[in-house]
Structures are given as structure tokens and as C-alpha cells.
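Trainee: Just need the structure, nothing else, for what follows:
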Amino acid sequence: MAKMIHSMIRVQDEERSVAFYEQAFDLKVAGRYPFDGFTLIYLANEETGFELELTTNASKTGDYDLGDGYGHLAVSVDDVDAEHARLAGLGYAVTDLRDFPFEGKPFARFFFVTDPDGYKVEVMKRFGRFQ
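Mentor: Numbering: from 1, shown residues only. A predicted model of the protein is given here:
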């Protein structure tokens, strides 16, 4: 059986992106691998074995085109209201908190925060299927 181990996104500024993910989600650099022309930076925390891989490309200038195929990353937190207030207080672009019912019952409570490169991260209340 396959085990999900990481997801990769391309970023312009390693320092800026590492600072965002550490401040927003307590992800720290678990490994950094500079190659000729690009660098791979793996971020992780103690909550999960899943990692976020940041890739910087030395030859890239300007914004990446995120296209219309990319969706979002998602994290779960115990207190989504407190996280919303904290991230907004840090000056990050956050959407309004939203309750999302399914068949008349609570399904999800969430908001999105945008990272420095325009990637959306869904922050969800930890309950039900979203552990």
C-alpha cells in the first residue's frame, strides 16, 4: 500500500517561504538539499510524518503561474477560530471563517490563508474526517 510522504510547491524566495510556514504552521526545515540550479527544502513538524517540499529554481525570475489545476494544501487545528485570529493578526491574507454542512450536519469549519507565492492553505477545525 502506498503512503503519502510529501507535496511539493515551487517558491521564489526560500527565506520568505520558510518563515511563513514556520510562523503559520510550526513547520521547520527537516532537510535542505542544494543541487546545480535548484534547491529542495523539506518542512515538517511533530504532528505528522507528511512533509512539504519547497523547490527554488535559480533561473526563475518573476511569479510562478499557479494555473487553474492547483487546488490547495490543508492542515487541521484544534481551535480554528484562534488560528484565524492569530494568522490575521500576523498580517496574512485570510478568508472569512466558513461552516460547511453536509446533509444538514456539520462537515467542516475552515478558512484559507495565502502564502507568499499565492498558494492557498486551508486551515480546518480538527474533527470528523479531518484529523
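
Trainee: Residues touching stretch 29-44, excluding its own?
Mentor: Here stretch 29-44 makes contact (C-beta atoms under 8 Å, 6 or more residues apart in numbering) with 6, 14, 18, 21-22, 27-28, 50-59. Where you see a C-beta, it was placed from the backbone N, CA and C, and this is true even at glycine.

Trainee: what are the ranges of the helices in this protein?
Mentor: 14-25, 80-89 (DSSP state H).

Trainee: Can you check which of those helices gets nearest to N45?
Mentor: Relative to N45, the nearest member of the helices of the chain by C-beta to C-beta is helix 14-25, separated by 7.1 Å.

Trainee: before we move on, the earlier item: export the helices of the chain as JSON lines, with columns for mean pLDDT and distance to L97.
Mentor: Output for these, formatted as JSON lines (pLDDT from 0 to 100; distance: least, C-beta to C-beta, whole Å):
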{"stretch": "helix 14-25", "mean pLDDT": "97", "distance to L97": "16"}
{"stretch": "helix 80-89", "mean pLDDT": "97", "distance to L97": "5"}
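
Trainee: on that earlier part again, so among the contacts of stretch 29-44, which ones count as buried?
Mentor: 18, 21, 27, 51-54, 56 (16 or more other C-beta atoms under 10 Å).
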